[in-house]
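Asker: Sequence and predicted structure below; questions after.
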Amino acid sequence: MAQPAPLALLRESVIYETVSSLKAGGECITMPLGVWRRGDVLEATLYPGSRAHRLAESLECVVAALPADPLDVARILLGEAVEPVLEGGLCCPVYAKPYIIIEAVVGEVRRLEGGFYRIILEPRKSMLHSYPEPFTRLASCLVELLVAYTRIRYWRGCGERLREYQGLGRCLDLLERRSVGEYRRYYSLVKRLVDRLVEPCLRGSASG
């Protein structure tokens with residue numbers, strides 16, 4: 001299969017955070033999704049408890065948008081993006097301002113240990129759509145916080161939750177010191193959500 005040019009911009013085995021729309025049974029679900037390239041295909045993991053996980057075995061196609069604005073990951077995760085920014089010609093709408101768009105069919109779904117699903121995506125269409133926001137440490141740390149929030153929300157044990165939380169140390173320090181405007185707003189919102197989940201574990205750790 002010939003590799004579409006924009007797909008070649010993705011480094012092998014590096015996880016890219018996308019805002020993806022997944023189609024199952026004629027319905028599209030939009031969510032942040034980490035994907036990585038392996039040769040001519042993309043792969044992703046679906047966590048138990050998510051709506052996409054429940055529909056994993058009926059997934060038909062995925063439209064993965066690498067957002068030009070990293071704040072779109074926060075907007076999607078917090079349910080703030082309600083209007084599609086791109087429709088037509090794709091199996092699902094795009095809800096983030098995209099830098100790269102990749103439409104792929106679901107070639108295989110594998111069930112993994114722990115109830116996870118690995119989905120293998122075969123790209124059929126890809127395009128460069130806009131210019132990305134220049135790279136910043138602030139954006140990287142906000143995305144790291146968002147990813148940690150999704151994991152902490154998934155983990156039920158305090159050991160896993162605290163390990164994830166403690167790994168955020170330097171990013172939390174940077175976000176606290178340097179975030180302004182929308183970055184400050186989303187940092188504050190997600191930090192409160194994370195604190196709510198880990199607070200019982202921190203109290204238990206202190207009393208133990």
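Answerer: Structure received. Numbering: from 1, shown residues only.
Asker: use CA for all of it now, contacts and neighbours both
Answerer: Noted.
Asker: Sketch out the strands for the chain, chain order is fine.
Answerer: 16-24, 27-38, 41-46, 59-67, 98-111, 117-128 (DSSP state E).
Asker: could you say what helices and strands the lengthiest helix in the chain packs with?
Answerer: Ranked by number of residues, the top helix in the chain under DSSP state H is helix 181-207. On a contact count with 3 or more C-alpha pairs under 8 Å, 6 or more residues apart in numbering; DSSP states H and E, helix 181-207 meets helix 71-77, helix 137-154, helix 158-166, helix 169-178.
Asker: which of the strands of the chain sits most buried?
Answerer: strand 59-67 (a mean of 25; mean count of other C-alpha atoms under 10 Å).
Asker: got the angle between that one and strand 117-128?
Answerer: Strand 59-67 and strand 117-128 meet at an angle of 50 degrees, taking axes from the mean of the first three to the mean of the last three C-alpha atoms, to 10 degrees as the criterion.
Asker: partners of strand 59-67, with directions?
Answerer: strand 16-24 (antiparallel), strand 98-111 (antiparallel) (DSSP bridges).
Asker: Single out the most deeply packed of the helices and strands packed on helix 181-207.
Answerer: Most buried among the helices and strands packed on helix 181-207, counting by mean count of other C-alpha under 10 Å: helix 71-77, with a mean of 20.
Asker: So which of the strands paired with strand 59-67 is nearest Pro200?
Answerer: Smallest distance to Pro200 across the strands paired with strand 59-67 (C-alpha to C-alpha): 29.3 Å, for strand 16-24.
Asker: Outside of that closest one itself, list whatever touches it.
Answerer: 28-36, 52, 55-56, 58-67, 72-73, 76, 91-96 (C-alpha atoms under 8 Å, 6 or more residues apart in numbering).
Asker: repeat for stretch 76-86
Answerer: If you take C-alpha under 8 Å, 6+ apart as the criterion, stretch 76-86 is touched by 19, 30-32, 72, 75, 93-97, 146.
Asker: again, 6 Å this time
Answerer: Under the contact criterion C-alpha atoms under 6 Å, 6 or more residues apart in numbering, stretch 76-86 has outside partners 75, 93-95.
Asker: and the helix or strand of the chain with the lowest mean pLDDT, which residues are buried?
Answerer: Lowest on mean pLDDT, DSSP states H and E among the helices and strands of the chain sits helix 51-54, with a mean of 85. The neighbour-count check on helix 51-54 (16 or more other C-alpha atoms under 10 Å) flags 52-53 as buried.
Asker: Counting by contacts, list what it packs against.
Answerer: Taking 3 or more C-alpha pairs under 6 Å, 6 or more residues apart in numbering; DSSP states H and E as contact, there are no helices or strands that helix 51-54 lies on.
Asker: hmm, back to that, which one of the contacts of stretch 76-86 sits closest to Thr150?
Answerer: Once C-alpha to C-alpha is applied, the member of the contacts of stretch 76-86 that ends up nearest Thr150 is Arg75, at 13.7 Å.
Asker: Understood, closing this out.
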